[in-house]
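Engineer: Sequence and predicted structure, then a few things I'm wondering about:
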Amino acid sequence: MDIKIEQWAPVAEIEEDILDSLGFAASSCLVSLLQTTSDCVKLLTREGRLRYANARALEELAGATLEQAKDRVWSEFWPNAARPILEQAVEKAADGHHVHCEVPRPDEDGDRLWSVALTPVTLRDGTVEAILVVSNDLTANINAEPG
């Protein structure tokens, strides 16, 4: 299990007045987007503690509610064998790197492989404020028969 540090082009800054003009609509749109995606989306502190998880992610966190999962170390929701790679990925993301890894996660249905991308959420001055994690189960794609 290796992690890949990726170089991404800087994201264009959105002018604050544009966001201000959207006001509540922007917040509502973002919440709707996060709740309807089939990806597992989490927001972590720089130390790897869970601050937010969308509905899909909560399903994978042993069916925990956000209140039950909040402030817990995210890697602790994964099997012991996966924790070192995820902890290393969190450290790299906290240092400002975009990180991608593929991590096995067995469950009652057998072995599953997850794609996990960690992206630093930065302030205008470049300080990493949080870490956005987007993960999805690759197992169905891997097991799909060609043709």
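Structural biologist: Yep, it's here.

Engineer: from here on, contacts and neighbour counts on C-alpha atoms
Structural biologist: OK.

Engineer: What about residue 89? Give its phi and psi, please.
Structural biologist: Main-chain torsions, residue 89, degrees, to the nearest 10: phi -60, psi -40.

Engineer: check contacts around it.
Structural biologist: Residue 89 is in contact with 3, 99-101, 118, counting by CA atoms under 8 Å, 6 or more residues apart in numbering.

Engineer: quick one: low-confidence parts of this structure?
Structural biologist: Counting by pLDDT under 70, the chain contains low-confidence residues at 1-31, 34, 143-147.

Engineer: Mind jotting down where the helices sit in it?
Structural biologist: Using DSSP state H, the helices of the chain run over residues 16-22, 24-36, 55-60, 66-69, 83-94, 139-143.

Engineer: in stretch 70-90, what counts as buried?
Structural biologist: Neighbour counts over stretch 70-90 (16 or more other CA atoms under 10 Å) mark 70, 73-75, 78, 82-83, 85-87, 89-90 as buried.

Engineer: Could you dump those into TSV with distance to residue 52 added?
Structural biologist: Listed next are the buried residues of stretch 70-90 as TSV, based on distance: CA to CA, whole Å:
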residue	distance to residue 52
70	7
73	12
74	10
75	14
78	17
82	21
83	19
85	21
86	17
87	18
89	18
90	15
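
Engineer: Closest one of those residues to residue 42?
Structural biologist: residue 74 (9.0 Å; CA to CA).

Engineer: okay but the closest one is in contact with residue 51, surely?
Structural biologist: No: at 9.4 Å, residue 74 does not count as touching residue 51 under the criterion of CA atoms under 8 Å.

Engineer: Overlap in contacts, those two.
Structural biologist: With CA under 8 Å, 6+ apart as the test, residue 74 and residue 51 both reach residue 44.

Engineer: circling back to that earlier point, looking at the contacts of residue 89, which are in strands?
Structural biologist: 3, 99-101, 118 (DSSP state E).

Engineer: hmm, back to that, out of the contacts of residue 89, give me the two with the largest separation.
Structural biologist: Maximum distance among those (CA to CA): 10.4 Å, for 3 and 118.

Engineer: what sits in contact with each of these two?
Structural biologist: What both residue 3 and residue 118 touch, as defined by CA under 8 Å, 6+ apart, is the set 89, 99-100.
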